[in-house]
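In: generate coordinates for the sequence data below:
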Amino acid sequence: MVKVAALGVVVVVVVMMVGGVLGDLPPPEAPYKILMLLPVSTKSHKNIFMALAETLADRASQLPTQCPCLSGNVYSTRTRILLFLSCGGIGVSSPRFRNKYALTFYKITARFPDLPPLLEIERNSSLALINSHFSMSQTVPILPSQVEVGAIQCNPAQPLPQDLETWISGAGPEGVIYFSLGSKVQGSSMPTEYRDAFIEAFRRLPHRVIWKYDMELKGVSDNVLIRKWLPQQDILGNNKVKVFITHGGLLSLQEAIYHATPLLSIPIVVDQPRNAFFVKNEGLGDMLVWEELTADALVNTLTEITTNPQYMENMKRLSRLLRDQLTTPMERAVYWTEYVIRHKGAPQLKCPAAELSWVEFLMLDVLAVLLVVLHITIYILYRILRAISAKIFGHQKVKSKEE
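Out: Numbers count the residues shown, from 1 in each chain. This is a model prediction of the structure:
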């Protein structure tokens, strides 16, 4: 969300929602002062918005950032449950997130006691940058102040370091499997039975494997290369990479689609199960759950993905849809951020519905009036019918008595 504050300073507040060259986008006439706040950020948030911050700074904007890490050591005490249980939400980590979230905003309100309520600040926001793209989700109506910047972190692949390039080039026709569980999950926290299943599966496969792991592993076969850090997009952009084994994070999903690499998703928490089902339903790859993970299941699934050309065809089709845009996500993010600054908060972008109370927004007042009118109408009809009935039947009773 982007909000224009006093003294010409723009505050960018990132809540849990969202490369390339900026082409012909003209530079600002004067440097802008932009404060980027990520009060509940994780590594994923920084992976997205630091690229935007750097681009804005390159355009001469003054852009200090405040982005404490939300999750902290959230995984340190209950690693097995948190990391390797296929659940639909944050689950047991919810208290940690909630407490950190509350503590952050308690500190803010203590420092600035005259701040308006959070809902009022949200209602006064001018712009929302949304980490989505219609090619990867359901089509929904959005407002002019809601700008899709999904895959903003994606860039064309750059040349690989020589040792990685040599390893991948020597893979032969079978190609390479890339395995990473993202920037947050540490491979060393993986339970032994799962790690052994991967080691055994990779030993039985003819492919070379690049495995992002935070420590040295014993017993791995010669076709496995282990590194603590890897240039993920540059690897995914290499045409010899046949499968990406992922935890199903949204950013990894976007990068795989951008570079057209089929997926094997093994979800852990939050939105990852949903992303994994998207991969399976769209024919972009397949998914496994940790509770059923075995060496046989890995070998069979990876063999199916690498030998069935339909997965690659589906991924290339979706990649074309994602890339076919008039402007890049970064260009849109920069343009609309600076647009809000140029137009003093851009009140013309705001939806009038934001000023309504919940009673007005849900049209409960209109419904109440309609119910009253309906009640009065029914009552009047009842009285009319009763009067007519009394007149008819009363007349018949009088006539029968006269006879």
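In: gap between residue 150 and residue 311?
Out: Using C-beta to C-beta, to the nearest Å, residue 150 is found at 21 Å from residue 311. The way it works is simple: take the backbone N, C-alpha and C, and place the C-beta from them, glycine included.
In: do the same with residue 352
Out: For residue 352, the distance to residue 311 equals 46 Å [C-beta to C-beta].
In: identify the residues contacting residue 176.
Out: Each residue near residue 176 by C-beta atoms under 8 Å, 6 or more residues apart in numbering is listed here: 167-168, 207-210, 238, 240-242.
In: out of these, which is nearest to residue 228?
Out: Set against residue 228, the nearest of these by C-beta to C-beta is residue 210 (12.1 Å).
In: the closest one: what secondary structure?
Out: strand (DSSP: H, G, I helix; E, B strand; the rest coil).
In: who's it bridged to?
Out: On the basis of DSSP bridges, residue 210 takes part in beta bridges with residue 178, residue 225.
In: give me the pLDDT value at it.
Out: What the model reports as pLDDT for residue 210 is 95.
In: could you do residue 73 as well?
Out: Per-residue confidence (pLDDT) for residue 73: 36.
In: what does residue 294 give?
Out: pLDDT at residue 294 comes out at 93.
In: same thing with residue 202?
Out: Looking at residue 202, its pLDDT reads 95.
In: surely it and residue 219 touch.
Out: No. The criterion here is C-beta atoms under 8 Å, and residue 202 misses it with residue 219 at 10.7 Å.
In: run the chain-centre distance for the longest helix seen in the chain.
Out: Taking DSSP state H as the criterion, the chain has its longest helix at helix 364-402. Relative to its parent chain, helix 364-402 has a centroid offset of 58 Å by C-alpha atoms, centre = their mean, to the nearest Å.
In: what mean pLDDT would you report for it?
Out: For helix 364-402, mean pLDDT is 83.
In: and for stretch 35-55?
Out: For stretch 35-55, the mean pLDDT works out to 70.
In: before we move on, back to that, so between residue 202 and residue 219, which is more surrounded?
Out: The residue with more neighbours, out of residue 202 and residue 219, is residue 202; 22 against 10, by other C-beta atoms under 10 Å.
In: wait, is that one part of a helix?
Out: Yes. Assessed with three-state DSSP, residue 202 lies in a helix.
In: residue 141 versus that one, what's the distance?
Out: According to C-beta to C-beta, residue 202 stands 46 Å off from residue 141.
In: before we move on, what about residue 274?
Out: Residue 274 sits 21 Å away from residue 141, going by C-beta to C-beta.
In: looking at the two, which is more packed in?
Out: The neighbour count for residue 274 versus residue 141, taken as other C-beta under 10 Å, is higher for residue 274 (12 against 5).
In: just the strands in the protein please.
Out: In the chain, the strands defined using DSSP state E lie at 2-4, 9-13, 33-37, 65-66, 128-130, 146-148, 176-179, 208-212, 224-227, 241-246, 263-265, 285-287.
In: next, the buried residues of the longest helix of the chain.
Out: For helix 364-402, a neighbour-count test (16 or more other C-beta atoms under 10 Å) marks nothing as buried.
In: state the number of residues packed around residue 216.
Out: Look at residue 216: counted by other C-beta under 10 Å, it has 8 neighbours.
In: skip the chain neighbours and tell me the closest residue to it.
Out: Nearest non-adjacent residue to residue 216, counting by C-beta to C-beta, 6 or more residues apart in numbering: residue 226, 6.8 Å away.
In: same check, this time on residue 231
Out: Distance criterion C-beta to C-beta, 6+ apart; nearest residue to residue 231, sequence neighbours excluded, is residue 160 at 6.8 Å.
In: try residue 296
Out: residue 201 is the one closest to residue 296 (C-beta to C-beta, 6+ apart), at 8.0 Å.
In: please, where are all the helices along the stretch 251-400 of the chain?
Out: Secondary structure of the stretch 251-400 of the chain by DSSP state H, counting those that start in this stretch: the helices cover 272-281, 295-307, 309-323, 329-342, 358-361, 364-402.
In: now render those helices as JSON lines, adding distance to residue 133.
Out: As requested, the helices of the stretch 251-400 of the chain are arranged in JSON lines below (distance: least, C-beta to C-beta, whole Å):
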{"stretch": "helix 272-281", "distance to residue 133": "13"}
{"stretch": "helix 295-307", "distance to residue 133": "24"}
{"stretch": "helix 309-323", "distance to residue 133": "6"}
{"stretch": "helix 329-342", "distance to residue 133": "8"}
{"stretch": "helix 358-361", "distance to residue 133": "28"}
{"stretch": "helix 364-402", "distance to residue 133": "35"}
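In: before we move on, back to that, more neighbours, residue 352 and residue 311?
Out: Taking other C-beta under 10 Å, residue 352 and residue 311 do not tie; residue 311 has more neighbours (24 against 6).
In: can you tell me how far the more buried one sits from residue 244?
Out: As judged by C-beta to C-beta, residue 311 and residue 244 stand 11 Å apart.
In: what residues are shared contacts of the two?
Out: Taking C-beta under 8 Å, 6+ apart as the contact rule, residue 311 and residue 244 both touch residue 262.
In: give me the buried entries from the contacts of residue 176.
Out: 167-168, 207-210, 238, 240-242.
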